[in-house]
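# Below are the sequence and a predicted model; questions follow.
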Amino acid sequence: MVNNIKIAFYYFFLSKLPSARFIKTFSNIRVWYFKHVLKVLEDNGNESMLANNIYIARATNLWIGSGCRINENVYIEQAEIGRDVLIAPNVTILSRMHEFSRIDIPISMQGYKKQMKVYIEDDVWLGRNVIVMPGIRIGKGAIVAAGSVVTKDVGDYTIVGGVPAKLIRTRQ
(Lines give C-alpha, C1' and ligand atoms only; values in the text may rest on other atoms or scores of the structure.)
Protein backbone atom coordinates (compact mmCIF):
# COMPACT_ATOMS: atom_id res chain seq x y z
CA MET A 1 0.00 0.00 0.00
CA VAL A 2 2.76 2.44 0.96
CA ASN A 3 4.71 1.66 -2.21
CA ASN A 4 1.57 2.31 -4.28
CA ILE A 5 1.24 5.77 -2.69
CA LYS A 6 4.90 6.55 -3.39
CA ILE A 7 4.54 5.46 -7.02
CA ALA A 8 1.25 7.36 -7.43
CA PHE A 9 2.89 10.55 -6.13
CA TYR A 10 5.70 10.09 -8.63
CA TYR A 11 3.35 9.51 -11.60
CA PHE A 12 0.79 12.20 -10.76
CA PHE A 13 3.24 14.92 -9.79
CA LEU A 14 7.00 14.40 -10.10
CA SER A 15 7.03 12.71 -13.51
CA LYS A 16 5.06 15.67 -14.91
CA LEU A 17 7.50 18.35 -13.79
CA PRO A 18 9.14 20.06 -16.79
CA SER A 19 12.19 18.71 -18.54
CA ALA A 20 15.57 19.08 -16.88
CA ARG A 21 16.74 20.72 -20.11
CA PHE A 22 15.03 23.91 -18.95
CA ILE A 23 15.61 23.90 -15.21
CA LYS A 24 17.97 21.37 -13.66
CA THR A 25 16.12 21.60 -10.34
CA PHE A 26 13.31 19.40 -11.68
CA SER A 27 15.76 16.60 -12.42
CA ASN A 28 17.33 17.04 -8.98
CA ILE A 29 13.91 16.60 -7.35
CA ARG A 30 13.26 13.38 -9.28
CA VAL A 31 16.79 12.08 -8.51
CA TRP A 32 16.28 12.76 -4.80
CA TYR A 33 12.92 10.93 -4.88
CA PHE A 34 14.37 7.91 -6.73
CA LYS A 35 17.28 7.72 -4.25
CA HIS A 36 15.62 8.42 -0.92
CA VAL A 37 11.95 7.49 -1.31
CA LEU A 38 11.74 4.81 -4.00
CA LYS A 39 15.28 3.58 -3.22
CA VAL A 40 15.96 2.48 -6.81
CA LEU A 41 18.85 4.84 -7.63
CA GLU A 42 22.35 4.37 -6.26
CA ASP A 43 23.57 7.21 -4.06
CA ASN A 44 27.35 7.49 -4.29
CA GLY A 45 27.69 11.15 -5.19
CA ASN A 46 27.97 10.67 -8.96
CA GLU A 47 25.44 13.07 -10.50
CA SER A 48 22.45 11.53 -12.25
CA MET A 49 19.82 13.20 -14.45
CA LEU A 50 16.20 12.09 -14.73
CA ALA A 51 13.94 13.80 -17.26
CA ASN A 52 10.17 13.97 -17.24
CA ASN A 53 7.73 11.17 -18.13
CA ILE A 54 9.93 8.23 -17.19
CA TYR A 55 7.75 5.14 -16.71
CA ILE A 56 9.15 2.71 -14.11
CA ALA A 57 6.17 0.38 -13.59
CA ARG A 58 5.88 -0.15 -9.83
CA ALA A 59 9.62 0.30 -9.27
CA THR A 60 9.94 -3.34 -8.25
CA ASN A 61 12.96 -5.24 -9.53
CA LEU A 62 14.47 -1.97 -10.71
CA TRP A 63 17.96 -0.70 -9.91
CA ILE A 64 19.68 2.30 -11.49
CA GLY A 65 23.37 2.99 -10.94
CA SER A 66 24.72 6.44 -10.16
CA GLY A 67 25.63 8.86 -12.91
CA CYS A 68 22.84 7.70 -15.23
CA ARG A 69 21.18 10.13 -17.58
CA ILE A 70 17.65 9.05 -18.48
CA ASN A 71 15.80 11.29 -20.93
CA GLU A 72 12.10 11.92 -21.41
CA ASN A 73 9.45 9.38 -22.35
CA VAL A 74 11.52 6.35 -21.36
CA TYR A 75 9.64 3.14 -20.48
CA ILE A 76 11.36 0.71 -18.08
CA GLU A 77 9.79 -2.43 -16.67
CA GLN A 78 12.25 -4.65 -14.73
CA ALA A 79 15.92 -3.80 -15.15
CA GLU A 80 19.29 -3.45 -13.53
CA ILE A 81 20.99 -0.44 -15.05
CA GLY A 82 24.68 0.12 -14.37
CA ARG A 83 26.56 3.32 -13.63
CA ASP A 84 27.01 6.18 -16.10
CA VAL A 85 24.46 4.85 -18.58
CA LEU A 86 22.98 7.22 -21.17
CA ILE A 87 19.39 6.52 -22.17
CA ALA A 88 18.05 8.76 -24.96
CA PRO A 89 14.41 9.83 -25.33
CA ASN A 90 11.68 7.31 -26.15
CA VAL A 91 13.67 4.19 -25.21
CA THR A 92 11.66 1.11 -24.19
CA ILE A 93 13.11 -1.56 -21.89
CA LEU A 94 10.75 -4.54 -21.68
CA SER A 95 10.74 -7.43 -19.22
CA ARG A 96 7.65 -9.32 -20.36
CA MET A 97 5.71 -10.24 -23.47
CA HIS A 98 2.26 -11.58 -24.21
CA GLU A 99 1.80 -15.31 -24.40
CA PHE A 100 0.77 -16.39 -27.90
CA SER A 101 1.35 -20.15 -28.05
CA ARG A 102 -2.31 -21.15 -28.36
CA ILE A 103 -4.33 -20.53 -31.49
CA ASP A 104 -7.71 -21.55 -30.02
CA ILE A 105 -8.04 -18.39 -27.89
CA PRO A 106 -7.21 -14.74 -28.61
CA ILE A 107 -3.70 -13.54 -27.71
CA SER A 108 -5.24 -10.89 -25.45
CA MET A 109 -6.68 -13.64 -23.24
CA GLN A 110 -3.51 -15.75 -22.92
CA GLY A 111 -1.77 -13.62 -20.32
CA TYR A 112 1.94 -12.97 -20.18
CA LYS A 113 5.11 -15.00 -20.46
CA LYS A 114 7.44 -15.18 -17.46
CA GLN A 115 9.09 -11.84 -16.73
CA MET A 116 12.79 -11.63 -17.53
CA LYS A 117 14.83 -8.73 -16.18
CA VAL A 118 17.07 -6.71 -18.52
CA TYR A 119 20.70 -6.11 -17.48
CA ILE A 120 22.47 -3.01 -18.76
CA GLU A 121 26.06 -2.78 -17.59
CA ASP A 122 28.15 0.36 -16.89
CA ASP A 123 28.94 3.04 -19.49
CA VAL A 124 26.28 2.03 -22.03
CA TRP A 125 24.61 4.41 -24.47
CA LEU A 126 21.12 3.59 -25.75
CA GLY A 127 20.18 5.86 -28.67
CA ARG A 128 16.82 7.45 -29.31
CA ASN A 129 13.84 5.08 -29.85
CA VAL A 130 15.75 1.89 -28.95
CA ILE A 131 13.68 -1.12 -27.85
CA VAL A 132 15.31 -3.72 -25.59
CA MET A 133 13.47 -7.04 -25.42
CA PRO A 134 13.04 -9.10 -22.20
CA GLY A 135 16.01 -10.93 -20.69
CA ILE A 136 18.68 -9.09 -22.68
CA ARG A 137 22.15 -8.25 -21.31
CA ILE A 138 23.90 -5.22 -22.77
CA GLY A 139 27.61 -5.35 -22.00
CA LYS A 140 29.87 -2.72 -20.53
CA GLY A 141 30.69 0.21 -22.80
CA ALA A 142 28.27 -0.87 -25.54
CA ILE A 143 26.44 1.53 -27.84
CA VAL A 144 23.03 0.77 -29.34
CA ALA A 145 22.24 2.92 -32.37
CA ALA A 146 19.04 4.95 -32.54
CA GLY A 147 15.94 3.07 -33.68
CA SER A 148 17.40 -0.38 -32.98
CA VAL A 149 15.53 -3.37 -31.59
CA VAL A 150 17.77 -5.45 -29.33
CA THR A 151 16.73 -9.12 -29.48
CA LYS A 152 20.06 -10.73 -28.48
CA ASP A 153 22.70 -10.00 -25.86
CA VAL A 154 25.19 -7.27 -26.75
CA GLY A 155 28.88 -7.79 -26.01
CA ASP A 156 31.15 -5.45 -24.08
CA TYR A 157 32.41 -2.42 -26.03
CA THR A 158 30.45 -3.21 -29.17
CA ILE A 159 28.29 -0.97 -31.32
CA VAL A 160 25.07 -2.51 -32.61
CA GLY A 161 22.26 -1.18 -34.73
CA GLY A 162 19.29 -2.10 -36.85
CA VAL A 163 16.13 -4.19 -36.63
CA PRO A 164 17.04 -6.60 -35.23
CA ALA A 165 20.25 -5.07 -33.87
CA LYS A 166 23.44 -6.51 -35.36
CA LEU A 167 27.12 -5.88 -34.73
CA ILE A 168 28.43 -2.78 -36.52
CA ARG A 169 31.90 -2.73 -34.97
CA THR A 170 33.75 -2.86 -31.67
CA ARG A 171 35.02 0.16 -29.77
CA GLN A 172 38.48 -1.29 -29.10
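Ah, there it is. Numbers count the residues shown, from 1 in each chain.
# just checking, residue 92 touches residue 126?
No: using Cβ atoms under 8 Å, residue 92 is not in contact with residue 126; the gap is 9.8 Å. For the C-beta atoms, the positions are set from N, CA and C on the backbone; glycine is no exception.
# Give me the more crowded residue out of these two.
Taking neighbours as other Cβ atoms under 10 Å, residue 92 and residue 126 compare with residue 126 leading, 28 against 17.
# what residues are up against that one?
With contact set as Cβ atoms under 8 Å, 6 or more residues apart in numbering, residue 126 has these partners: 85, 86, 87, 88, 91, 120, 132, 138, 144.
# Roughly how far does it sit from residue 17?
Residue 126 sits 23 Å away from residue 17, going by Cβ to Cβ, to the nearest Å.
# what does residue 86 give?
In terms of Cβ to Cβ, residue 86 sits 21 Å off from residue 17.
# number of nearby residues for residue 154?
Every residue meeting other Cβ under 10 Å relative to residue 154 is counted, giving 23.
# Now do it, the pLDDT please.
As predicted, residue 154 sits at a pLDDT of 98.
# is it in a bridge, and if so with what?
On the basis of DSSP bridges, residue 154 takes part in beta bridges with residue 138.
# so residue 145 touches residue 166, yeah?
No: using Cβ under 8 Å, residue 145 is not in contact with residue 166, being 10.0 Å away.
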